[in-house]
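*Asks:* Build me a model from this:
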Amino acid sequence: MSLSKLQGVKLPASADFHVHLRDGPMMELVTPTIRQGGVNTVFVMPNLVPPITTVDRALDYQKRLQAIEPNVNFLMSLYLHETVTSETIVEAKKRGIVGVKSYPAGVTTNSSAGVVDYTQFYPVFEEMERQNMILNLHGESPSGGDVTVLSAEERFLPKLFELHSKFPKLRIVLEHCTTAAAVEAVKMCGPTVSGTITAHHLSIIIDSWAGDPFCFCKPVAKTPADRDALLRAAVSGNPKFFFGSDSAPHPAASKRGGEKIAAGVFTQPYTTQVVIDAFEQACDNGVLREDEITPEIVEGFMSKFGRSFYGLPEEQKEFITIEKKGEKILEILQSDKTDVVPFRKTQETWSITWS
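*Replies:* Numbering: from 1, shown residues only. The predicted structure is shown next:
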């Protein structure tokens, strides 16, 4: 099935509210690909080594990213850490930092300095409420005991409810939802809570990453029923759900094996395209109907809802046109210093032109 009503459609530029752009050679390689995915605004993750815990470091990182790609709006974040205080939040707001990212200790890439006890950060959350800053939650409980990668997200959801109840005015994003339970949890919360959904989680299930390390990410993809719930949320028109790619580049060698396979799926050059591919596949599978995938629905999920939640201007000056004309995803993206394999390498995808 082809989503013929989207052929040649002009849409506002997409916005991606969860990106990993790394540092050094990988940053230099992947940052120029942002606009290839139809995106002109990104919310940048702070889990570098060492993590970005100060305003000065966040703004220095922003400056280096802008030097590589001046035509992207880089929204910056701090890594929630014991050195981040209420005073840090006041300074961050004053100097244009948008959010604070919380990683439970040890759950994903570069999260060893993450949160063990959320109560110690209550004064920080109170100040974030006052400053109208956003708390971005990596929503997984650490593995151990009876918690596995398959149950980690669902076991975290009581913490979301607890934080929302304690700080009802705090804007919270449950990042990269992967389960039907997470979708329902976001719906149950008030208007200050939203959830992001990635391109790859709209596409893959457990079997995908069990057989292909390039589909392995944290949180892991779950069951077909979970994926289908994400698809329905993405096309529902519910402004609580918007796009965050969680595009996470790793050198190809670190994805192929060794002592440990790196967690992360790289979608940056094709983010908008892969979302539309996922919608198209869902129509083929009978999960979605073609008449549900309207330009307005795509615009809401890929641009409007996220920009609104983050308080960005809704009127867009840049537009993209989407077409299906046989473009294929690169097999590998590389420089003389590093490389990364894109999600769905060599497969056909949609094309994007800027206007």
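*Asks:* hang on, isn't residue 192 packed against residue 173?
*Replies:* No: contact criterion Cβ atoms under 8 Å: residue 192 and residue 173 do not qualify, at 9.9 Å. For the C-beta atoms, the positions are set from N, CA and C on the backbone; glycine is no exception.
*Asks:* For the two, work out which one has more neighbours and name it.
*Replies:* Using other Cβ atoms under 10 Å as the criterion, residue 192 and residue 173 rank with residue 173 on top: 28 against 17.
*Asks:* Leaving out the residues flanking it, which one is nearest to that one?
*Replies:* The shortest distance from residue 173 to any non-neighbouring residue, by Cβ to Cβ, 6 or more residues apart in numbering, is to residue 136 (4.9 Å).
*Asks:* Now do the contacts for the one you found.
*Replies:* Contacts of residue 136 were listed using Cβ atoms under 8 Å, 6 or more residues apart in numbering, and they are 18, 43, 77, 99-102, 172-173, 175.
*Asks:* show me what contacts residue 141?
*Replies:* 104, 107, 147, 152, 155-156, 159.
*Asks:* Helix or strand: which one has it?
*Replies:* Using DSSP states H and E, residue 141 is not contained in any helix or strand.
*Asks:* Report how many residues lie close to the residue nearest to it when sequence neighbours are not counted.
*Replies:* With sequence-adjacent residues excluded and distances taken as Cβ to Cβ, 6+ apart, residue 141 is closest to residue 155, at 4.3 Å. Other residues lying near residue 155 total 18 when counted by other Cβ under 10 Å.
*Asks:* Quick check: residue 155 touching residue 147?
*Replies:* Yes: in terms of Cβ under 8 Å, residue 155 counts as a neighbour of residue 147; the distance is 5.4 Å.
*Asks:* same for the longest strand belonging to the chain, what does it pack against?
*Replies:* The longest strand of the chain (DSSP state E) is strand 319-328. For strand 319-328, the packing partners by 3 or more Cβ pairs under 8 Å, 6 or more residues apart in numbering; DSSP states H and E come out as strand 9-12, helix 271-284, strand 348-354.
*Asks:* could I get the ones you listed as a markdown table with mean neighbour count and mean pLDDT?
*Replies:* As requested, the helices and strands packed on strand 319-328 are exported to a markdown table (neighbours: other Cβ atoms under 10 Å; pLDDT from 0 to 100):
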| stretch | mean neighbour count | mean pLDDT |
| --- | --- | --- |
| strand 9-12 | 17 | 96 |
| helix 271-284 | 23 | 97 |
| strand 348-354 | 17 | 97 |
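*Asks:* what's the pLDDT at residue 160?
*Replies:* Looking at residue 160, its pLDDT is 97.
*Asks:* Counting neighbours, which bits of the helix or strand hosting it end up buried?
*Replies:* Element membership for residue 160, per DSSP H and E: helix 152-166. Buried residues in helix 152-166, counted by 16 or more other Cβ atoms under 10 Å: 152-157, 159-160, 163-164.
*Asks:* Would you mind listing where the protein has pLDDT under the threshold?
*Replies:* Across the chain, the ranges flagged by pLDDT under 70 are 1-2, 106-114, 257-259.
*Asks:* And the strands in the protein?
*Replies:* Using DSSP E, the strands of the chain run over 9-12, 14-19, 39-44, 73-75, 77-79, 99-102, 134-137, 171-174, 193-197, 241-243, 319-328, 333-334, 339-340, 348-354.
*Asks:* Among those, show me which one is buried the most.
*Replies:* Counting by mean count of other Cβ atoms under 10 Å, strand 14-19 has the highest mean neighbour count of the strands of the chain, with a mean of 28.
*Asks:* mind listing the helices in the stretch 101-250 of the chain by residue range?
*Replies:* Taking DSSP state H, counting those that start in this stretch as the criterion, the stretch 101-250 of the chain carries its helices at 122-131, 152-166, 180-188, 206-211, 224-234.
*Asks:* Next, the angle from the longest one to strand 193-197.
*Replies:* Relative orientation of helix 152-166 versus strand 193-197 (axes from the mean of the first three to the mean of the last three Cα atoms, to 10 degrees): 160 degrees.
*Asks:* List of residues touching helix 152-166?
*Replies:* The contact list for helix 152-166 (Cβ under 8 Å, 6+ apart) reads 104, 107, 118, 122, 125, 135, 137, 139-143, 147, 170, 172, 174, 177-179, 181-182, 185, 188-190, 192-193, 219, 222.
*Asks:* any idea how far residue 92 is from residue 53?
*Replies:* Shown here: residue 53 relative to residue 92, a distance of 11 Å by Cβ to Cβ, to the nearest Å.
*Asks:* Could you do residue 232 as well?
*Replies:* The spacing between residue 232 and residue 92, counted by Cβ to Cβ, is 36 Å.
*Asks:* Quick check: chain neighbours aside, which residue is closest to residue 64?
*Replies:* Using Cβ to Cβ, 6+ apart, the closest residue to residue 64 is residue 27 (7.4 Å).
*Asks:* what's the burial count for the one you found?
*Replies:* 19.
*Asks:* ok, it - contacts?
*Replies:* Counting by Cβ under 8 Å, 6+ apart, residue 27 touches 21, 64-65, 68.
*Asks:* Mind putting those residues into CSV with distance to residue 197?
*Replies:* As requested, the contacts of residue 27 are exported to CSV (distance: Cβ to Cβ, whole Å):
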residue, distance to residue 197
21, 20
64, 29
65, 24
68, 27
